[in-house]
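S.K.: My questions are about this predicted structure, shown below with the sequence.
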Amino acid sequence: MEVRFINIQQQLLLENHPIYVIDEKLIHKIKQIKNIGFKFHFILNNIKLLIENNFKFARNDNIMIKFNVEGGPTLIRDVVSNGVYIKNFKTLQDNNLIFVDQITTLDKKYLLSIEELEMKRFVKLLNTKRMSKKNGKLYENILADLAVSRISYRIKPNIVEQILFVDEVYNLKGTILLPTTVLPEKGATVVSKMTRGVSQN
């Protein structure tokens, strides 16, 4: 049974165990995604029935830890429009894209180009030219949905605010940046913590 849940998690690009992630809103999206339906899927059908009848699952921390996918926590499906997410789901699935930070720069303010995206280690396909030809135009739909401009790749301000509200932000060296709301006693807008050898700046 565990293997089946893992399969559903991977198939639907879920960040954790299906019984804790799938809700009424996600069910609506799943129904519209091609080749993923409820008609012949026993487990999805049962989860759907449980949700429709207001059943709740008790939280099991061991299961949550075991099925947790590192990253995010802002999900791509939460920031792109339903139409774009559904239409481009196969592209996201082919490239194992779940979280916004997989398709953005470290500061979460710019989207990656398709060429930059293909160099990421989590991308499944390795042939860049073949991948670009297949997914380039579809990825443009996501760019158009999230970016102010397809030239600059800068993410729309309202989406940046949504992402930065919950996500950690890093500088270009990969160092985590902590806002003053996290460390107010420092009295600075941004506090950078980084280690060099035995000393820390």
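M.R.: Perfect, I can see it now. Numbering: from 1, shown residues only.

S.K.: can we go C-alpha only for contacts and neighbour counts from here?
M.R.: Will do.

S.K.: What's the end-to-end length of stretch 148-165?
M.R.: Stretch 148-165 has its terminal residues 19 Å apart, counting by C-alpha to C-alpha, to the nearest Å.

S.K.: again, but for stretch 89-101
M.R.: Terminal-residue distance, stretch 89-101 (C-alpha to C-alpha): 17 Å.

S.K.: pretty sure residue 13 contacts residue 97?
M.R.: Yes - counting by C-alpha atoms under 8 Å, residue 13 does reach residue 97; the two are 7.4 Å apart.

S.K.: Residues in contact with stretch 154-172: which ones?
M.R.: 72-74, 79, 106-111, 146-149, 176-178 (C-alpha atoms under 8 Å, 6 or more residues apart in numbering).

S.K.: Sorry, wrong one. I was asking about stretch 8-16.
M.R.: Residues outside stretch 8-16 that contact it (C-alpha under 8 Å, 6+ apart) are 17-18, 21, 30, 64, 67-70, 93, 96-98.

S.K.: In CSV: the residues you listed, plus distance to residue 164 and neighbour count.
M.R.: What follows is these, written out as CSV (distance: C-alpha to C-alpha, whole Å; neighbours: other C-alpha atoms under 10 Å):
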residue, distance to residue 164, neighbour count
17, 25, 21
18, 26, 21
21, 22, 11
30, 27, 19
64, 24, 14
67, 25, 18
68, 21, 13
69, 19, 17
70, 17, 9
93, 24, 16
96, 22, 17
97, 19, 20
98, 17, 23
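
S.K.: Any regions of the protein where pLDDT drops low?
M.R.: For the chain, applying pLDDT under 70 flags the ranges 37-40, 120-135, 168-201.

S.K.: Spell out which residues make up each domain of it.
M.R.: For the chain, the structural domains run 1-69, 71-167, 169-200, going by automatic domain parsing.

S.K.: from these, which stretch is densest packed?
M.R.: domain 71-167 (a mean of 17; mean count of other C-alpha atoms under 10 Å).

S.K.: How far does that domain sit from its chain's centre?
M.R.: Taking the mean of its C-alpha atoms, domain 71-167 sits 9 Å from the chain's own mean (C-alpha atoms, centre = their mean, to the nearest Å).

S.K.: what's the closest non-adjacent residue to residue 69?
M.R.: Computed as C-alpha to C-alpha, 6 or more residues apart in numbering, the closest residue to residue 69 that is not its neighbour in sequence is residue 15, at 5.2 Å.

S.K.: quick one: that neighbour from residue 49, how far?
M.R.: The gap separating residue 15 from residue 49 is 21 Å, by C-alpha to C-alpha.

S.K.: ok, now residue 164?
M.R.: Relative to residue 49, and taking C-alpha to C-alpha, residue 164 is found at 35 Å.
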